[in-house]
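Engineer: What shape does this take:
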Amino acid sequence: MSDPILSVRNAIKTYGDFRALDGVDLEIWAGEFLTLLGPSGSGKTTLLSAIAGFSPLTGGQILTRGTDITRLPPEKRGFAMVFQGYALFPTMTVAENVGYPLRVRKWGRQALRERVAECLDLVQMGAFADRMPHQLSGGQQQRIALARALSFRPDVLLLDEPLSALDKTLRADLQWELKALHERLGVTFVYVTHDQDEALSMSDRIVILSDGRIQQEGAPGDLYNWPRTRFVANFLGKSNFVEARVTGRNDLGMTAVAGGTSFALPAVEGAAPGTTLGLALRPERIRIARPGEEAFSGRVRQISYLGERCQVIIEHPELGEMLVSQSTWHAGLRPEPQMDVSFGWDTDACVALREP
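Structural biologist: Numbering: from 1, shown residues only. Predicted coordinates:
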């Protein structure tokens, strides 16, 4: 395997007594779409800013293809950045904005003109070359910012919540466009967001941060299906949390008890009978049925209709509130508030958590 295009080693960033980054180690590979995901204050933007060179590290190293760039200024790193606020020059036309990085790099007039036209076509903005930024919508301005960042063919494109200022529909459209653009160009994308759906839909790999540390990293499906901690399970999507006591093991897995009811689980390494496990259970993995048809019994407390899905809160006397998400199309049972129901799940629905 070739060397990573970017390496972050034991990155530390402090502000007084506060540690915004607390020993972050990360490798980023050429051509991947990597997303830094976390809540406000998690360290994701600080990490991106440190990679860009805007926020010098207190300790640690940043390397590109094995070369230490920790002390290099931003303009010497060869990375491009797209900001949340577009950062277009208001007195320059669209074409002049896109061509600015090329003028700084002393490109010839003809080559510059051709590259600007190529980049504008890339983001479907070729007809807007002579417009001023204030004549464009938010989505159009973000496309121009993207074209400008790509103009000098950077190896790495850093994106700091570039879609957060857009409305929901436009944001969804640009997510598709960004993903398609990444696949077409093969440029390494390092993307910051706090939006879980955005991260899941766009990324090759997600790095989840909290309190300046990496909590878990991996492919979107791996993180969603096998979270290691309660934080990851609850931040990336929604989860129910169940405390269960292991009652037995066999060739097929284990049995456990929660809420006074026995159920089956896949085998968990080191979980002997008597062990207490913390389990994460995704809402869409729970079935709702008529009383007595499933293992657990409860009463519907609340229902939220969301179009293609319906979210149901079921009150269980010992487990507490259980959130269930079910399709509204051909639903087996249509629950109503105060309805008595039963609920259950398949053997492999629960994930045993390893708390940090």
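Engineer: Please make it C-alpha for all contacts and neighbour counts, starting now.
Structural biologist: OK.
Engineer: okay, Leu163: pLDDT?
Structural biologist: According to the predicted model, the pLDDT of Leu163 comes to 88.
Engineer: Contact partners for it?
Structural biologist: Leu163 makes contact with Gln84, Gln142, Arg171, Leu174, according to Cα atoms under 8 Å, 6 or more residues apart in numbering.
Engineer: neighbours around the last one, how many?
Structural biologist: Counted with other Cα atoms under 10 Å, the neighbours of Leu174 add up to 17.
Engineer: and the helix or strand where Arg103 lies, what other elements does it pack with?
Structural biologist: With elements delineated by DSSP states H and E, Arg103 resides in helix 94-104, which encompasses its position. Helix 94-104 makes packing contacts with helix 109-122, helix 138-150 when contacts are defined by 3 or more Cα pairs under 8 Å, 6 or more residues apart in numbering; DSSP states H and E.
Engineer: now, which of the contacts of Leu163 lie within helices?
Structural biologist: Judged by DSSP state H, those include Gln142, Arg171, Leu174 as members of helices.
Engineer: re the thing from before, please identify which of the contacts of Leu163 is nearest to Arg71.
Structural biologist: Of all these, the one sitting nearest Arg71 is Gln84; the distance, using Cα to Cα, is 25.3 Å.
Engineer: doesn't Glu161 make contact with that closest one?
Structural biologist: Yes. At 5.3 Å, Gln84 and Glu161 qualify as touching, with contact defined as Cα atoms under 8 Å.
Engineer: next one: phi and psi at Ser7?
Structural biologist: According to degrees, to the nearest 10, the main-chain angles of Ser7 amount to phi -130, psi 130.
Engineer: Find the nearest non-adjacent residue to it, please.
Structural biologist: Glu27 (4.5 Å; Cα to Cα, 6 or more residues apart in numbering).
Engineer: Neighbouring strands - and their directions - for the helix or strand hosting the one you found?
Structural biologist: For Glu27, the host element (DSSP H and E) is strand 18-28. The partner list of strand 18-28 in its sheet, established with DSSP bridges, is strand 6-15 (antiparallel).
Engineer: re the thing from before, average pLDDT for the strand holding Glu27, rounded please.
Structural biologist: Looking at strand 18-28 alone, the average pLDDT works out to 97.
Engineer: Check which residues of it are buried.
Structural biologist: Residues of strand 18-28 classed as buried under the neighbour-count rule (16 or more other Cα atoms under 10 Å) are Arg19, Ala20, Leu21, Asp22, Gly23, Val24, Asp25, Leu26, Ile28.
Engineer: just to revisit the earlier point, show me the contacts for the residue nearest to Ser7.
Structural biologist: With Cα under 8 Å, 6+ apart as the criterion, the residues that contact Glu27 are Pro4, Ile5, Leu6, Ser7, Val8.
Engineer: Any chance of JSON lines for those residues, columns distance to Asp340 and neighbour count?
Structural biologist: Rendered in JSON lines, the data for the contacts of Glu27 read as follows (distance: Cα to Cα, whole Å; neighbours: other Cα atoms under 10 Å):
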{"residue": "Pro4", "distance to Asp340": "55", "neighbour count": "15"}
{"residue": "Ile5", "distance to Asp340": "56", "neighbour count": "19"}
{"residue": "Leu6", "distance to Asp340": "55", "neighbour count": "22"}
{"residue": "Ser7", "distance to Asp340": "55", "neighbour count": "21"}
{"residue": "Val8", "distance to Asp340": "53", "neighbour count": "21"}
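Engineer: okay if I get the residues you listed as JSON lines plus pLDDT?
Structural biologist: Supplementary listing: these in JSON lines, determined by pLDDT from 0 to 100:
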{"residue": "Pro4", "pLDDT": "94"}
{"residue": "Ile5", "pLDDT": "96"}
{"residue": "Leu6", "pLDDT": "97"}
{"residue": "Ser7", "pLDDT": "97"}
{"residue": "Val8", "pLDDT": "98"}
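Engineer: Now flag whichever of those residues is closest to Tyr191.
Structural biologist: Distances from Tyr191 to those, taken by Cα to Cα, are shortest for Leu6, at 13.8 Å.
Engineer: Around the spatially closest residue to the closest one that is not a sequence neighbour, how many other residues sit close by?
Structural biologist: Spatially, and ignoring its direct neighbours in sequence, Leu6 is nearest to Thr64 (4.5 Å; Cα to Cα, 6+ apart). Summarising burial for Thr64: neighbours were counted as other Cα under 10 Å, giving 19.
Engineer: what do you get for the one 10 residues further on?
Structural biologist: With neighbours defined by other Cα under 10 Å, the count for Pro74 comes to 17.
Engineer: just Arg285 next, same as before
Structural biologist: Residues within reach of Arg285, counting by other Cα under 10 Å, total 17.
Engineer: so it makes contact with Asp348?
Structural biologist: No. Using Cα under 8 Å, Arg285 is not in contact with Asp348; the gap is 9.5 Å.
Engineer: Could you dump the contacts of Leu163 into JSON lines with pLDDT and distance to Val312 added?
Structural biologist: Rendered in JSON lines, the data for the contacts of Leu163 read as follows (pLDDT from 0 to 100; distance: Cα to Cα, whole Å):
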{"residue": "Gln84", "pLDDT": "84", "distance to Val312": "35"}
{"residue": "Gln142", "pLDDT": "91", "distance to Val312": "38"}
{"residue": "Arg171", "pLDDT": "87", "distance to Val312": "28"}
{"residue": "Leu174", "pLDDT": "88", "distance to Val312": "31"}
